[in-house]
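K.L.:
My questions concern the predicted model and sequence given below.
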Amino acid sequence: MLELTAEPLTPEAFAPFGDVIDTRTADYFHINAGRTRRYHDLAMVELLGDEARPLISIFASQPVAIPLTLDFLECHPLGSQAFMPLHGERFLIVVAPPGETIDPATVRAFVTDGRQGVNYRAGTWHAIQSVLDREGEFLVVDRGGPGDNCEEYSLDLRVTLE
Ligand SMILES: NC(=O)N[C@@H](O)C(=O)O
Ligand code: NI
């Protein structure tokens, strides 16, 4: 069993796995006669393979128990996957770099602060959506279209919070 303690999410620590979506760590420019700040192009949407198309969905998830025990991580080889909380929900993230296999030494766990979303790069191994504290709703942007876009890798994990 691989034991992990989730660390606070930062753009720098998450860089090998994808993007952190957060107005507090992003640049913006004004539009709409100065009434709107556009936090522009915050994450790289990847849509690979023939007939790929973007999907916008909402996940309404029941909270996970802590410690979180997992027996697999998954990845989407054909596209990125972004999760943005709609009501300030915190969630747990467990990731490993893209690859055919997972080196347990490279697995990292993070916890968000409610203002952060993430975009998993295509191929990044990750735990399925794991909201904390209460039922949560997340806007999800990922890849639709033909082809197998979900692979699983068996790995026994136990994740705690600091
Ligand atoms: N299956 C699905 O759409 N969701 C997972 O990919 C996930 O990361 O939660
Ligand atoms: Ni996923």
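P.N.:
Perfect, thanks for sending it. Ligands and ions are numbered 1, 2, ... in the order given.

K.L.:
Name the SS class of the residue nearest to Pro77 when sequence neighbours are not counted, please.
P.N.:
Nearest residue to Pro77, sequence neighbours excluded (CB to CB, 6 or more residues apart in numbering): Gly123, at 5.3 Å. Glycine gets a C-beta too; all of them are placed from N, C-alpha and C. Under DSSP: H, G, I helix; E, B strand; the rest coil, the three-state class of Gly123 is coil.

K.L.:
so where do the helices sit in this protein?
P.N.:
Along the chain, counting by DSSP state H, helices occupy 11-14.

K.L.:
Partner strands of the strand ranked longest in it and their direction?
P.N.:
Longest strand in the chain by number of residues (criterion: DSSP state E): strand 151-161. Strand 151-161 has the following sheet partners, assigned by DSSP bridges: strand 2-8 (parallel), strand 68-75 (antiparallel).

K.L.:
Any buried residues in the longest one, and which?
P.N.:
Of the residues in strand 68-75, Leu68, Leu70, Leu73, Cys75 count as buried by neighbour count, 16 or more other CB atoms under 10 Å.
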